[in-house]
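In: Okay, predicted coordinates and the sequence, questions at the end:
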Amino acid sequence: MSSAENTEKKKPASDILSVAFEIYLNEEKPVKKAFVKQLSQAVPGLDNKEYEQSWTRVSNLFEQACKLAFRWANENSPGSEIDISLIENVFINEIARKCQGFTYAEYAKALDYGFDRGIF
C-alpha cells in the first residue's frame, strides 16, 4: 500500500471523530444507540464497529473532562474562579494525553462542557 493510500484510509478516522465530537457535544444526554445511528447517517459507509469506537473515544473524552472539573472543584474552595492559564497549560495537556486524536479546540470545548455540566 502506498503512503497516499494509507493517508486516504486514515483521513476518515479523523473526520469521523470530529463529527462524533460535534454530535456528542450537541446532545443534552447522549445515548450510544442514538449516537451511533446519527453518526452513521452523518458519515456513511463505515462498519458499526467504527461508529461504536467513535462513541467510546468521544464519551471517554467528555468523561475525562468532567473528572478533571470535579477534581478541580474538590481541590478548591467554593466560589473559586478557574484560572484560564491552568486550563490551557495543565488540563488540556492532561486530557490530550488521556484522550488522543482530538484538536486543541475540541479539548477546550470538552473542558468547558466538563466545568459546565460536571460540577455546576
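Out: Looks like it arrived, so ask away.
In: Could you count how many residues lie near Ala20?
Out: Using other C-beta atoms under 10 Å, Ala20 is surrounded by 26 other residues. C-beta coordinates here come from the backbone N, C-alpha and C atoms, glycine included.
In: Is it within a helix or a strand, and which one?
Out: In this structure, Ala20 is located in helix 3-26 according to DSSP states H and E.
In: can you check Val58 too?
Out: Assigned by DSSP H and E, Val58 belongs to helix 48-75.
In: What residues of the helix or strand following that helix count as buried?
Out: Per DSSP H and E, helix 48-75 leads on to helix 84-86 as the next helix or strand towards the C-terminus. Buried residues in helix 84-86, counting neighbours by 16 or more other C-beta atoms under 10 Å, are absent.
In: for the record, mean pLDDT for helix 84-86?
Out: The pLDDT scores in helix 84-86 average 72.
In: Next secondary structure element downstream of it?
Out: helix 92-98.
In: And that following helix, how far out from the chain middle?
Out: The chain centre lies 11 Å from the centre of helix 92-98; the measure is C-alpha atoms, centre = their mean, to the nearest Å.
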